[in-house]
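Student: no sequence for this one, just the structure:
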């Protein structure tokens, strides 16, 4: 194989990787903007096809999942991905098969689901203790 072929393949891979990283960052920025003020923490993607997030204190993503699915949004709860004790607040979003419009709709729906869950959590925290 000639050196020019290797360079050509490498440059093509680099361009594809740069495009994937750009898509990751766009999803990251959209999610952060939509969920501003909700105390959601996101990883900063460096490539790949997933965006990881940690929900606010008191949110269990296994319990949140069916509520998100009602709005046609699915994610994978993150706790099973831990080698030790999993964090029930984490989740993994995949966006590789969705259009930009679908991603925007899904992030907005997930943010609405989270807002409602936080409101319920606040109501439970404020409810008087049973006597």
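Tutor: Thanks, I have it. The structure displayed is predicted, hence computed values, not measured ones. Numbering: from 1, shown residues only.
Student: Can you give the contact residues for whichever strand or helix holds residue 52?
Tutor: Assigned by DSSP states H and E, residue 52 falls within strand 50-54. Strand 50-54 has contacts (C-beta atoms under 8 Å, 6 or more residues apart in numbering) with 24, 27-28, 31, 40-43, 45, 78, 87, 89-95. From N, CA and C alone the C-beta is placed, and that goes for glycine too.
Student: Tell me the buried residues in the helix or strand following that strand?
Tutor: For strand 50-54, the following helix or strand on the C-terminal side (DSSP H and E) is helix 61-69. The neighbour-count check on helix 61-69 (16 or more other C-beta atoms under 10 Å) flags 61, 64-65, 67-68 as buried.
Student: which helices and strands does helix 61-69 pack with?
Tutor: With contacts taken as 3 or more C-beta pairs under 8 Å, 6 or more residues apart in numbering; DSSP states H and E, helix 61-69 sits against strand 76-77, strand 90-94, helix 100-126.
Student: That helix: how far from the chain's middle?
Tutor: Mean-position distance between helix 61-69 and its chain equals 13 Å (C-alpha atoms, centre = their mean, to the nearest Å).
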